[in-house]
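**Student:** sequence below, structure please.
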Amino acid sequence: MKKIKNVSMTFYEFVPEHLELLKDGKQIFAKLKNGDWELLYYTGDNVFQSIDPETVWFADDIEYWSFLPNLEN
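**Tutor:** I've put the predicted structure just below:
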């Protein structure tokens, strides 16, 4: 039987200095300024790729973000 964990996430207000933290390409969970929530990863030059390969967002579109929690166990 698979166990589901209740994991809390810390969201950060997005500022341009955070791009340095996101250069590793790990996925983040982001709240966009249009109200949508997306899984994104940073591709460079202020561009974020969605899990939908045809959708990209820019750093200016992100309002809050969080690293995804590690659910391994």
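**Student:** and the residue lying closest to Leu22 once chain neighbours are set aside, how far from Val7?
**Tutor:** For Leu22, ignoring the flanking residues on the chain, the nearest one in space by CB to CB, 6 or more residues apart in numbering is Tyr42 at 4.0 Å. Placement of C-beta: from N, CA and C, glycine included. Distance of Tyr42 to Val7, computed by CB to CB, to the nearest Å: 22 Å.
**Student:** neighbour count: these two, which is higher?
**Tutor:** Tyr42 (21 against 9; other CB atoms under 10 Å).
**Student:** whichever strand or helix holds the more buried one: partners in the sheet, and parallel or antiparallel?
**Tutor:** In this structure, Tyr42 sits in strand 37-44 according to DSSP states H and E. Applying DSSP bridges to the sheet, strand 37-44 is found paired with strand 28-32 (antiparallel), strand 47-50 (antiparallel).
**Student:** now stretch 45-62: buried residues?
**Tutor:** Phe48, Gln49, Trp57, Ala59, Asp61, Ile62 (16 or more other CB atoms under 10 Å).
**Student:** list the residues that contact the fourth one.
**Tutor:** Contacts for Ala59 (CB atoms under 8 Å, 6 or more residues apart in numbering) come out as Phe14, Pro16, Leu19, Asn46, Val47, Phe48.
**Student:** got the contact list for the last one?
**Tutor:** Yep, that's Phe48 we're talking about. Counting by CB under 8 Å, 6+ apart, the residues that Phe48 touches are Ala30, Leu40, Tyr41, Tyr42, Val56, Trp57, Phe58, Ala59, Asp61, Ile62.
**Student:** pLDDT below threshold where in this protein?
**Tutor:** 1-6, 71-73 (pLDDT under 70).
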